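1. Here you go, sequence then predicted model.
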Number of protein chains: 2
Amino acid sequence: MDAAAPLLVAASDFFRGLSPAACRDVTERARERRFARRAVLLRESESEPALFLLVAGRVKLGKLGSNGQEVILQLLGAGDVFGGVAALAGGPSPATVQAVEAGRALVWDRPVLRELVARYPEIAVNGVRIAAARMQEIQERFRELSTERVAQRIARTLLRLARQAGRRVEGGVLLDLPLPRRDLAEMTGTTLYTVSRTLSEWSERGLLETRRGRLLLRAPHALVAIAEDLGG
Amino acid sequence: MDAAAPLLVAASDFFRGLSPAACRDVTERARERRFARRAVLLRESESEPALFLLVAGRVKLGKLGSNGQEVILQLLGAGDVFGGVAALAGGPSPATVQAVEAGRALVWDRPVLRELVARYPEIAVNGVRIAAARMQEIQERFRELSTERVAQRIARTLLRLARQAGRRVEGGVLLDLPLPRRDLAEMTGTTLYTVSRTLSEWSERGLLETRRGRLLLRAPHALVAIAEDLGG
DNA sequence: CGTGCCCTTGAAGATCTTCAAACGCAGTGG
DNA sequence: CCACTGCGTTTGAAGATCTTCAAGGGCACG
C-alpha cells in the first residue's frame, strides 16, 4: 500500500470529513488493484460491486445495448470514485467500467464497506452527496441529448473534458487523454463518422487541432458559442 | 393531517425501516400541501429544496432547456417521493416538478429533514438506495435515447407507464393518467408530431386506442416486440 | 515491411423535424 | 341553443440532419 494512500482517501468525495484516524482505518481495509488498458473493472451484471477509488489511470463508465452498441456515461480519472453508490445501496452495478489508460485503484468490497459505514455514518451522507452530483450531471446530459444537435453536444463534451482533464498549454487547452472518435461518439450519442466530420470542420476553421493523437482546443470560446447555439 | 399519514410514511421508500414510533415522529414534523393541476412544486433554481411525499395526484419531474424546450425525466404518483436526495445532499434541486393532476403532498423542509436524519441515520441509507435506483433508471433511459429509434423509445415509455400507472381492464391495459402527445414527446426525446404519427399507425394496426383522452394498450406484447426491435 | 487500427471522405438514403393547414372537442358566453 | 374560441390532435409535404455503407489513407507497432 502506498504511503500517500490515507491522504488520497481523505481527499476523496466518498470519505470527505472523516478524521485522520478514521481515514487511516479506512485505508487499511482497502486492497489495491492494478489494471491494464482495456481491463474491465466492473460489469453491469456484477451483483456485488465494490467501491473503487482511482489512484492513477483513467476509466470509462458505460452501458452496453442489447445489439452491442455502447454508451459512455462518464470518464473518470485519478481521485474519482465509482461503484460506491451501488455498493452502499445494495443493488447491482448500474454500469460497466473499463480502463482507457492503465492505472491502479483502492478497492473496498461490499462487506467491508458496510462495516465502515456502520462505524462512520458520514460515509452514507457523502454517498448521497455523490449520487446527487452524478444525478445532476446525467440529467443535464439527458436534456442535451434530447434537445440539442450533434455539434452542440460534441462541443459541450469537449468543454467538459477540458474542465476535468484539460492542461493549459501555449496555443490553447490540451485534452491530455486518449480519446478515439469512437469514444467521443459514444459520449455524445452519435456515430464516429459524424464526430470525425465535425472535428474536421472545426479543425479547418482553426478551432482545434489533433496533436499526436490528443486534441488541442485552440478556441474554447468558439466551442462555447457552438454549445450554446449562439451561431458558431 | 391525515390519520393514515403515518402509514404512508412508513411505506415510503424514504422512511422504510423506521420504527412505528419514529414514523409518527417523522409524520408530525411534516406539513401538508395541496396543489392544483399545473402547479409548480419545485423549481430548478430552488436552492433549498424540500422533501415531498406524494399522497395523491401526479407530477412530472423535468428540466427546461435555454430555448424553452422541456424534457420530462419522470412521472410520479401517490406514494412516490422527490426532492429528498437534493435536500439531503445540500445542493440545489436538479429538476423542476409540476403537477399534471391536482393532489396533495407531505413536505419536510430541509432543516427539518436534517434533524430527522441526525436522529434516524437509516434515512441517509434509504436516500442512497433511492438515488441508486433513480440512477439505474435514468442511465438506462440515457442509453435508450442514445441508441434506439423513436418508435422503440415510445413503446418503452408506454410500457413503463403501464407498469406504474396501468389498470387492467377488459380489452387491455388502460393508462389512467392525462398524457398529451406533447408530454410523451418530451419523455422520449422527439416531437409531438412524430408521437402522433406513431400512435396513429399503432392505432390502425390495433395495438392501442384512445378512449376519452386515455390510452388503452390492446397488445402490450406487440409493443414489447417493437421496444426490443424484434421486428414489430 | 506488412498488418491492424483509427481516421477521413464521398455518396446515398433513412429518419425525423419543421411548417402549414385543418379537424374535433370542450368549455364559454351571447 | 348555438356560435365562438382555444387547445390538443392529425396529416401532408418539404427538407434538414444524421446514419450507413464503401473505399481509401496514414500511422504505429510488431
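-> Right, received. Where do you want to start? Because the structure is a prediction, the values reported are computed rather than measured.
2. Going by C-alpha atoms from here, please, whenever you check contacts or count neighbours.
-> Noted.
3. and chain A, what are its domains?
-> A:5-145, A:148-227 (automatic domain parsing).
4. in chain A, which spans are strands?
-> Under the criterion DSSP state E, chain A carries strands at the ranges A:31-35, A:40-42, A:51-64, A:70-76, A:81-82, A:96-108, A:166-169, A:172-175, A:208-211, A:214-217.
5. What's the mean pLDDT across stretch A:4-15?
-> What stretch A:4-15 shows for mean pLDDT is 84.
6. what's the answer for stretch A:81-89, then?
-> For stretch A:81-89, the per-residue pLDDT averages 92.
7. Kindly report the same for stretch A:30-45.
-> 92.
8. Buried ones in it, by neighbour count?
-> Residues of stretch A:30-45 classed as buried: A:30, A:32, A:35, A:39, A:41-43 (neighbour count, 16 or more other CA atoms under 10 Å in any protein chain shown).
9. ok, now stretch A:15-29?
-> Neighbour-count burial for stretch A:15-29 [16+ other CA under 10 Å]: A:15, A:18, A:22-24, A:26-27, A:29.
10. And it, end to end?
-> Stretch A:15-29 has an end-to-end distance of 13 Å (CA to CA, to the nearest Å).
11. Columns distance to A:Ala151 on top of the strands of chain A, output as JSON lines?
-> JSON lines is the format used below for the strands of chain A (distance: least, CA to CA, whole Å):
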{"stretch": "strand A:31-35", "distance to A:Ala151": "34"}
{"stretch": "strand A:40-42", "distance to A:Ala151": "30"}
{"stretch": "strand A:51-64", "distance to A:Ala151": "21"}
{"stretch": "strand A:70-76", "distance to A:Ala151": "17"}
{"stretch": "strand A:81-82", "distance to A:Ala151": "29"}
{"stretch": "strand A:96-108", "distance to A:Ala151": "24"}
{"stretch": "strand A:166-169", "distance to A:Ala151": "20"}
{"stretch": "strand A:172-175", "distance to A:Ala151": "18"}
{"stretch": "strand A:208-211", "distance to A:Ala151": "14"}
{"stretch": "strand A:214-217", "distance to A:Ala151": "15"}
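12. give me every residue that touches A:Arg37.
-> Shown in contact with A:Arg37 (CA atoms under 8 Å, 6 or more residues apart in numbering or on different chains): A:99-103.
13. for the residues you listed, which one is nearest B:Asn67?
-> A:Val100 (35.5 Å; CA to CA).
14. Tell me the spacing between the closest one and A:Leu61.
-> From A:Val100 to A:Leu61 the distance is 10 Å (CA to CA).
15. can you put the contacts of A:Arg37 in JSON lines and add neighbour count, distance to B:Glu137 and pLDDT?
-> JSON lines is the format used below for those (neighbours: other CA atoms under 10 Å in any protein chain shown; distance: CA to CA, whole Å; pLDDT from 0 to 100):
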{"residue": "A:Ala99", "neighbour count": "23", "distance to B:Glu137": "24", "pLDDT": "95"}
{"residue": "A:Val100", "neighbour count": "22", "distance to B:Glu137": "25", "pLDDT": "93"}
{"residue": "A:Glu101", "neighbour count": "19", "distance to B:Glu137": "28", "pLDDT": "92"}
{"residue": "A:Ala102", "neighbour count": "15", "distance to B:Glu137": "30", "pLDDT": "93"}
{"residue": "A:Gly103", "neighbour count": "20", "distance to B:Glu137": "30", "pLDDT": "94"}
